[in-house]
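give me a 3D structure for the following:
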Amino acid sequence: MPMIIPDEVRAKAEIYTGDAAGQEKTRLMLAETELPSGLLPLKDIIECGYVEETGFVWLKQKKKVDHYFAKAGRHVSYAAEVSAIAEKGRLKKITGVKAKEMLIWITLNEICVDDPPTGKIHCKALGGLSRSFPVEAFEADVALPVPVTGRLKKKTETESKEGQDGKKEKEDAATEEAPEEEKKKKKDAAVAPAVVEEIDLKMKEMNKEAPVQAGAVTAKN
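Modelled structure (predicted):
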């Protein structure tokens, strides 16, 4: 049965047509949600729609695509129409995606990665069946460019700002430490002459005592 997207949903969505735009927006969506870049290896995309408010995404391709993820050792089938709710680290309420388990095709309804990351991705099916694989098993063989826009741009700018703030804090801390070092050096410099003067004084006293002691010994003899 063809997927029917209600008019009110389409009205709120960013809609792109054609394979080039669809592939680009698919890569962007996966990057924004921090999911592996090769998770949706669709071909000949006709339409791609995304509602940022709800995370609802749909993809329409000319025909079903069967893909073998060699590193995971799994066959996955993508119907001509695929949809999901996309959020950070997760695709949920998935439709149109099946994975082959032994000799049976099972319908996947959720794919997610751990937060914080553990390097694992979990594929969950209706009925509670779940399998875990290395995230790298679903990365694209060829890394294609991802446009830095929307949430990905905000994330990149936030990370950049955090990095700059951290650098500034270190510089400020170093600036605060510098006067302390100067004070210590000045203090040491001030103490050094006093120590030398004290040593000279003691040497003079010892030199005075030496002739007196020598005269006492001569008189005694």
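
show me where pLDDT drops low in this protein?
The chain contains residues with pLDDT under 70 at 147-168, 170, 172-196, 198-200, 202-204, 206-221.

which residues of it fall in helices?
7-12, 19-32, 150-220 (DSSP state H).

mind giving me the packing neighbours of the second one?
This points to helix 19-32. strand 14-17, strand 45-51, strand 56-61, helix 150-220 (3 or more Cβ pairs under 8 Å, 6 or more residues apart in numbering; DSSP states H and E). Using the backbone N, CA and C atoms, a C-beta is placed for each residue, glycine as well.

return the set of buried residues in the longest strand seen in the chain.
Using DSSP state E, we find that the single longest strand of the chain is strand 74-87. In terms of neighbour count (16 or more other Cβ atoms under 10 Å), strand 74-87 has its buried residues at 74, 76-84, 86.

ok, that strand: who's next to it in the sheet?
strand 56-61 (antiparallel), strand 65-69 (antiparallel), strand 90-101 (antiparallel) (DSSP bridges).

ok, Glu87 to Asp44 distance?
Using Cβ to Cβ, to the nearest Å, Glu87 is found at 27 Å from Asp44.

ok so, going back, looking at the strands paired with strand 74-87, which one is packed in the most?
Of all the strands paired with strand 74-87, strand 56-61 has the most neighbours on average by mean count of other Cβ atoms under 10 Å, namely a mean of 22.
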